[in-house]
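Asker: fold the following and give me the result.
(one chain, ligands or ions: 3)
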Amino acid sequence: MKLSGLYLVTKDYYNRNFFNIVEESLSAGVNILQYRDKTNPYNIKIEAGRRLKNLAYKYNVPFIVDDSPVLLDILDADGIHIGKDDPPFEYIKERFPGKIIGVSTYGDINLGIKYERLGADYIAFGSFFKTSTKDDAEMCDINILNNASKFNIPVFAIGGINTRNVDELLKYKISGIAVVSAIFDAANPGEATRTFLEKLRKIL
Ligand SMILES: Cc1ncc(COP(=O)(O)OP(=O)(O)O)c(N)n1
Ligand SMILES: Cc1ncsc1CCOP(=O)(O)O
Ligand SMILES: [Mg+2]
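Answerer: Ligands and ions are numbered 1, 2, ... in the order given. You can find the predicted model right below:
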């Protein structure tokens, strides 16, 4: 499964327009979809997650869940993204063989090295720019991306990325970028997706 390019991470599910935005972005060519939802109870997450997985598969895109091995299991998603407050990597690796595991490495190269050795499928550095999506996001110096080529697994950048500042990140040897608001809050999510993909095409 291809793990590079434009990675769409969702906002919390709250209305029907949510699925329209996701589908507009998928039909415009987004490469990976993650369901990230910090507020809804499990019954809603399961319902929304099933619809998102169907959408992702319609467009032949990997479907990843955020944080929760329970959701990974129930939805039979392709993988999970975990960070420092989530269940341990080793547990997920053993309990869910064959699933994609992505790990947040914030601004810490050594974390990246550690999780590549442990068998992570990709890592994500960030936040590179100010974000209003994640309250407790740590800021990360862009120079950390000078190390991106040392990794043999895909390296993603995340945090406050938009169609104007993305060029700063594309100078580095990253595999892709992960975005929430730049697509979810765009006047035209399909157009925003195409703009990102056009810029990414130059490096990928
Ligand atoms: C692709 C990607 N990168 C980073 C994150 C952040 O994960 P985490 O640090 O666990 O923070 P939360 O998303 O759980 O608030 C991500 N979800 N996806
Ligand atoms: C999940 C996450 N992890 C680090 S920053 C961030 C939020 C990214 O959202 P946005 O693209 O809207 O800044
Ligand atoms: Mg998390």
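
Asker: buried stuff in the lengthiest helix in the chain?
Answerer: In the chain, with assignment by DSSP state H, the single longest helix is helix 42-58. Within helix 42-58, the residues that count as buried by 16 or more other C-beta atoms under 10 Å are 45, 48, 49, 52, 53, 55, 56. To be clear about C-beta, it is placed using only N, CA and C from the backbone, and glycine gets the same treatment.

Asker: hang on, the fifth one packs against residue 77?
Answerer: Yes: Residue 53 is in contact with residue 77 according to C-beta atoms under 8 Å; the separation is 6.4 Å.

Asker: find residues that contact each of the two.
Answerer: With contacts taken as C-beta atoms under 8 Å, 6 or more residues apart in numbering, residue 53 and residue 77 have residue 63 as neighbours in common.

Asker: for residue 161, list the residues it contacts.
Answerer: By C-beta under 8 Å, 6+ apart, the contact set of residue 161 is 128, 129, 169, 177, 178, 179, 182.

Asker: most neighbours of all these, which one?
Answerer: residue 179 (28 neighbours; other C-beta atoms under 10 Å).

Asker: which residue does the protein have closest to ligand 3?
Answerer: residue 83 (3.8 Å; C-beta to the ion).

Asker: not counting its neighbours along the chain, what's nearest that residue?
Answerer: Once flanking residues are discounted, residue 83 sits nearest to residue 104: 3.6 Å by C-beta to C-beta, 6 or more residues apart in numbering.

Asker: which SSE is that neighbour in?
Answerer: Secondary structure from DSSP states H and E places residue 104 in strand 100-106.
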